[in-house]
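Asker: how does the following fold in three dimensions:
(2 chains)
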Amino acid sequence: NAGVTQTPKFQVLKTGQSMTLQCAQDMNHEYMSWYRQDPGMGLRLIHYSVGAGITDQGEVPNGYNVSRSTTEDFPLRLLSAAPSQTSVYFCASSSTWDSSTDTQYFGPGTRLTVL
Amino acid sequence: SQQGEEDPQALSIQEGENATMNCSYKTSINNLQWYRQNSGRGLVHLILIRSNEREKHSGRLRVTLDTSKKSSSLLITASRAADTASYFCATDAYSGAGSYQLTFGKGTKLSVIP
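Answerer: The predicted model follows:
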C-alpha cells in the first residue's frame, strides 16, 4: 500500500491564482481531512469528510473548497490564493468516521508559497 | 481552536537520557493521542490513550493521563538521535452535530544530541 499520497510536494502561486492540492489513499478509509501547519503552530483542520459525498468544515475553512466523489480521493481547492495561505498542507485519513478514536495516517505534505 | 498545549516548546537532551513532554488541555476528552513529526515529513501516530486509562506503554514510550488535572505526559526512555523530532498531542473536541474532531497542540521540539 502507498498509504496517503499528496501532490505536488512544492508549489509557488501568485496572489489570485487558483489551484488544487491532490490527496489520495489506498486503504479504503472512510475519513479524510486536510490540515494546514504554520510555523510555531499546531495543525489546524480545514475541511474533512466522513465518506464519499459528505464533507464538512473544520476550524479554518475560508478560502478553500473540497469535494469527495470517491472514497480514495479528497482534493483541496484554493479558489483565489492569498499570501495568508502560505503554509504546509497535510492530508490525513483514518479507517472509521470517528477521527478522534482512530489512528490518523498522514501524507508527506505540500509546501505552498503564495507571492 | 487548539485544545491541547505541549510543554516545553523545545527540549534538548543527550542520547541515552529520558525525555518527558507534557500536554495540558482545557475541556473533557474521550481520548488523547500523541504523534511524532520528523523534519519536513508528515505526522506519525505513536499512541492513543482513552479517558478511562491512566497509563499506556509502547516500546520505549510511556504515556500517562490525569483527567483530574487535564494533562498527559509522554516519556521516551533511553533516547536515541533518531528520536529527534517534534511531538504533538491531539485531543478530541466537539465540532457540532454529534461529531468530534482531533485538535492538535503546537508541539514540543525534541533534539537528542549524540
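
Asker: what pLDDT does the most centrally placed residue in chain A get?
Answerer: Computing the C-alpha centroid of chain A and ranking residues by C-alpha atoms, centre = their mean puts residue A:34 first, at 2.7 Å. pLDDT for residue A:34: 97.

Asker: how about the nearest residue to residue B:114, chain neighbours excluded?
Answerer: Once flanking residues are discounted, residue B:114 sits nearest to residue B:81: 4.7 Å by C-beta to C-beta, 6 or more residues apart in numbering or on different chains. For glycine as for every other residue, the C-beta is placed from the backbone atoms N, C-alpha and C.

Asker: got the contact list for the most far-flung residue of chain A relative to its centre?
Answerer: When distances are taken from the C-alpha mean of chain A, residue A:115 lies farthest, 20.6 Å away, according to C-alpha atoms, centre = their mean. Neighbouring residues of residue A:115 by C-beta atoms under 8 Å, 6 or more residues apart in numbering or on different chains: A:12-15, A:83.

Asker: ok, now which ones touch residue A:69?
Answerer: A:52-53.

Asker: in a helix, it, correct?
Answerer: No - for residue A:69, which was evaluated using DSSP: H, G, I helix; E, B strand; the rest coil, the result is coil, with no helix membership.

Asker: what about the residue nearest to residue B:114, how many neighbours?
Answerer: 10 (other C-beta atoms under 10 Å in any protein chain shown).

Asker: now swap in residue B:15 and tell me
Answerer: 14.

Asker: does it touch residue B:84 like I think?
Answerer: No - counting by C-beta atoms under 8 Å, residue B:15 sits too far from residue B:84 to count as a contact (9.8 Å).

Asker: what mean pLDDT does the longest strand seen in chain B have?
Answerer: When chain B is parsed with DSSP state E, its longest strand is strand B:85-96. Strand B:85-96 shows a mean pLDDT of 84 in the predicted model.

Asker: contacts for it, please.
Answerer: In contact with strand B:85-96 (C-beta under 8 Å, 6+ apart) are residues A:42-43, A:56, A:58, A:100-101, A:104, B:3-4, B:6, B:21, B:23, B:25, B:27, B:29-39, B:43, B:46, B:72, B:74, B:100-110.

Asker: can you tell me the strand partners of that strand and which way each runs?
Answerer: Paired neighbours of strand B:85-96 in the sheet (DSSP bridges): strand B:31-37 (antiparallel), strand B:99-104 (antiparallel), strand B:108-113 (antiparallel).

Asker: so which of those strands is the most packed in?
Answerer: Comparing the strands paired with strand B:85-96 by mean neighbour count (mean count of other C-beta atoms under 10 Å in any protein chain shown), strand B:31-37 ranks first with a mean of 24.
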